[in-house]
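Visitor: Predicted model, plus sequence, below.
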2 protein chains.
Amino acid sequence: MLQASLRVALGRLVRRGGLRVQLPDGAGWSFGDGQGPSAAFALRSPRALRRLLLNPSLAFGELYMEGEVQPVGCNIAEVLEVLVLNQHAGGDHPAEALLGPWRWARRRLDQLNPAGRARRNVAHHYDLNGRLYALFLDRDRQYSCAFFPTGQETLEEAQALKKRHIAAKLRLDRPGLEVLDIGCGWGGMALHLARDWGARVTGITLSEEQLAEARRRAAEAGLSDRVRFELMDYRAWTRPVDRIVSVGMFEHVGVGNYATFFRTLRFALKPDGVALVHAIGRAKGAGTTNPWLAKYIFPGGYSPALSEVVPAIEHAGLWITDLEILRMHYAMTIREWRRRFAANRDAIGALYDERFCRMFEFYLAGCEMTFRHGDHMNWQVQLARSPHALPLTRDWMAEAERAAPREAVPAGG
Amino acid sequence: MLQASLRVALGRLVRRGGLRVQLPDGAGWSFGDGQGPSAAFALRSPRALRRLLLNPSLAFGELYMEGEVQPVGCNIAEVLEVLVLNQHAGGDHPAEALLGPWRWARRRLDQLNPAGRARRNVAHHYDLNGRLYALFLDRDRQYSCAFFPTGQETLEEAQALKKRHIAAKLRLDRPGLEVLDIGCGWGGMALHLARDWGARVTGITLSEEQLAEARRRAAEAGLSDRVRFELMDYRAWTRPVDRIVSVGMFEHVGVGNYATFFRTLRFALKPDGVALVHAIGRAKGAGTTNPWLAKYIFPGGYSPALSEVVPAIEHAGLWITDLEILRMHYAMTIREWRRRFAANRDAIGALYDERFCRMFEFYLAGCEMTFRHGDHMNWQVQLARSPHALPLTRDWMAEAERAAPREAVPAGG
């Protein structure tokens, strides 16, 4: 009975590509039209089967972490590719439809993110051993979507190009402009703005691990006079600055706080100020964070639809002056993270256990496929307080990007 | 008593710049801080004073049309500059606050725009004597925001640059692509796309005057084999095409029909199709159409906030691939329309009466000032059905724009 229900559910979901499932009793099912990617996995126990049927979005990742779901002749990314492709091609799991409204109600609760919980949420992921991030990110530890103009760049190149692409949109047209970097990570963006664009930068983060590393790097680069880092919630910032940049942090703000976020930006900008926010979004309207991802990776996290972001911007009294939608760039970024993670799996296994490694593999693979075949993208919105703050056309951005000093890019890892 | 109330109301509204008001009894008031633009007008009768107090947004334009409001030592544009500047600087008229909710409710009703009313609304303005438009628009009769990269272009140049700017965003990278032009006006955009970009274009309009002129021009240009024009509501279009362009028509769609509009675009695009919509918007959130403008110029018209547009796009399943916000360009466009209107006022007065001329002056001046000092702008949103329809970066648009054949631009009117 359970087995028959799961078979019906998978048959409804998987129409494109191919998926083979090996059951605990040795039987096997095949789904899909054989056109496109194919993969296979084994379910190791009847209990796994039941858990998968009842709450697939949460259980599939957990079962993979526990070894109860085991890819056969492929890796978990290939399995997830078939599943995500089909999920966004119209197929859906019936249990998901039932759980949807409940998740919707949970969403606001999960994303309340008062300052204390925001800090705990951040610590959950970003205070992991710094050595872990060194083993799958680029050398500058850019933990956000890179920029691949040709799709052939190395990750190191693409992250350097991303920093330049963002800096070029900040109109740093004279030295000494003061920049606030909200969610500064390990400091790469702040150091780039100070070193290559002559800015004075304050980077704020909620992660003590990131703070320590960012400060160490500023000192090492001899930039401590122009870059400082603070452990601070964005809501605590009050002093107006010339420019604000926020890269890959908005995903942690929470839908209930978007108005506060942009109001903070509004009041933290001088009258001729400019801001650039870079974040993950979903193209087809509001949704809910995958429950596995919310539980194991990003508590309080959410990828907003622009229809959730734009009202908060308008309400804050900010002008949207430009919007770019980066499609596929994040899929390419994470593919490279996955490749490096796999290449360094032994070293990572020495830092953490096997379950952790499988959790991280599942996380990276699931995210990559949602960017590659689903509705996720990365948006960059440029904001200004005054309609006169920026030139009449957008050409200056591409010009600034071309004219910028090229950061020395080390060879790919 | 009435006089005292109006004085209080104007005093609350006008804080910046200077406004002098001459009363019917010869007395005079002065408002403002003297910093910035100043103007003066006379109120000719006690009745005018009462109407102005009770419903200023509607009455001020009507009183100007009737000669009951008369600028003193300046023109109506200068008077409106002071008023609009202050309206958007925080001041407001108390009667406006009371009327606001009622207008909000009226908004949806006024913008229902079923096909029959849509056609009547269009006829109201666009079926005016074609000679009128020839007397204040550029020679190509572009009746929408021009593109002034330096701010120094003539109107003829800026309108040619606008057409090229839009065409460059449509990715017309091979000849023979089929384009649907929704709201084609007098055909200028469609003819440009066929002649300079090798496209096959169908332009649709609801104005019989525009249709006849557009067809005449296509025949005259020898482009009738590649461009055709039809009297058709956008909701009647069903056949998928490669590209869709819509310039200055979305303002007439009505908020209740945005979902229908973008769903129509979605179904009228081939899987790798691209669309570009160019329209007026307001930067600071939803509002209401000025009642005078809705009554005398654009029944059923509305300038949407992006927060009203984006949800409809997402709901239709379209990807936003780029968004540009043109600030000040429309103010520069209308300033030139006003200049030409004034220069040809005698000829226009021979077509219509003095009241009509004053109505049109008021319309152009009010719109210019709302773009110059208010929250209005012009947005260009690029849409695609597939996230793979367009290149990884936006550089191709600027490249296409640079490489495009330069349309011969006649000297400014």
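Guide: Okay, I see it.
Visitor: Please, which helix or strand holds residue A:266?
Guide: Using DSSP states H and E, residue A:266 sits in helix A:258-268.
Visitor: what mean pLDDT does that helix have?
Guide: What helix A:258-268 shows for mean pLDDT is 97.
Visitor: Is chain B within reach of that helix?
Guide: No. Judged by Cβ under 8 Å from any Cβ of the partner chain, helix A:258-268 makes no contact with chain B; its nearest approach is 11.4 Å. Any C-beta I mention is one placed from the backbone N, CA and C, and that applies to glycine too.
Visitor: Identify each buried residue in that helix, please.
Guide: Neighbour-count burial for helix A:258-268 flags A:258, A:260-266, A:268 (criterion: 16 or more other Cβ atoms under 10 Å in any protein chain shown).
Visitor: repeat for stretch A:127-136
Guide: In stretch A:127-136, counting by 16+ other Cβ under 10 Å, buried: A:128, A:130, A:132-136.
Visitor: Isn't residue A:145 up against residue A:331?
Guide: No. At 9.3 Å, residue A:145 does not count as touching residue A:331 under the criterion of Cβ atoms under 8 Å.
Visitor: re earlier: what would the helix holding residue A:266 look like as CSV? C-alpha coordinates only.
Guide: Output of helix A:258-268 as CSV, limited to C-alpha atoms (Å, rounded to 0.1, in the frame of the first residue of the first chain):
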residue,chain,number,x,y,z
TYR,A,258,11.9,43.9,4.3
ALA,A,259,10.3,47.2,5.1
THR,A,260,12.7,47.7,8.0
PHE,A,261,15.7,46.7,5.8
PHE,A,262,15.0,49.3,3.1
ARG,A,263,14.0,51.9,5.6
THR,A,264,17.3,51.4,7.3
LEU,A,265,19.0,51.8,3.9
ARG,A,266,17.0,55.0,3.2
PHE,A,267,18.1,56.5,6.5
ALA,A,268,21.7,55.3,6.2
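Visitor: now it, how far from the chain's geometric center?
Guide: Mean-position distance between helix A:258-268 and its chain equals 21 Å (Cα atoms, centre = their mean, to the nearest Å).
Visitor: ok and the next helix or strand after it relative to helix A:258-268, angle-wise?
Guide: Next in sequence after helix A:258-268, counting helices and strands by DSSP H and E, comes strand A:269-282. Angle, strand A:269-282 to helix A:258-268, by axes from the mean of the first three to the mean of the last three Cα atoms, to 10 degrees: 150 degrees.
Visitor: Strand A:269-282: how far from the chain's middle?
Guide: 17 Å.
Visitor: Show me which residues of that strand are buried.
Guide: By neighbour count on 16+ other Cβ under 10 Å, the buried set for strand A:269-282 is A:269-270, A:273-282.
Visitor: shaky segments in the stretch 201-350 of chain A?
Guide: Within the stretch 201-350 of chain A, not a single segment meets pLDDT under 70.
Visitor: Enumerate the residues of it near chain B.
Guide: Residues of the stretch 201-350 of chain A found near chain B (Cβ under 8 Å from any Cβ) are A:283-285, A:305-307, A:310-311, A:314-315, A:317, A:319-325, A:327-329.
Visitor: List the ones among the residues you listed that fall in helices.
Guide: Residues of these located in helices (DSSP state H): A:306-307, A:310-311, A:314-315, A:329.
Visitor: Format these as a markdown table; extra columns: neighbour count.
Guide: Listed next are those as a markdown table, based on neighbours: other Cβ atoms under 10 Å in any protein chain shown:
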| residue | neighbour count |
| --- | --- |
| A:306 | 26 |
| A:307 | 22 |
| A:310 | 25 |
| A:311 | 21 |
| A:314 | 22 |
| A:315 | 17 |
| A:329 | 22 |
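Visitor: Spell out, range by range, the strands that occur in the stretch 301-413 of chain A.
Guide: For the stretch 301-413 of chain A, the strands defined by DSSP state E, counting those that start in this stretch occupy A:319-326, A:376-384.
Visitor: Run through who's touching the first one.
Guide: It stands for strand A:319-326. Strand A:319-326 is contacted from outside by A:145, A:147, A:169, A:274, A:281, A:283, A:306, A:310, A:313, A:377-387, A:389-390, A:394, A:397, B:283, B:306, B:319-325, B:327, B:377, B:394, using Cβ atoms under 8 Å, 6 or more residues apart in numbering or on different chains.
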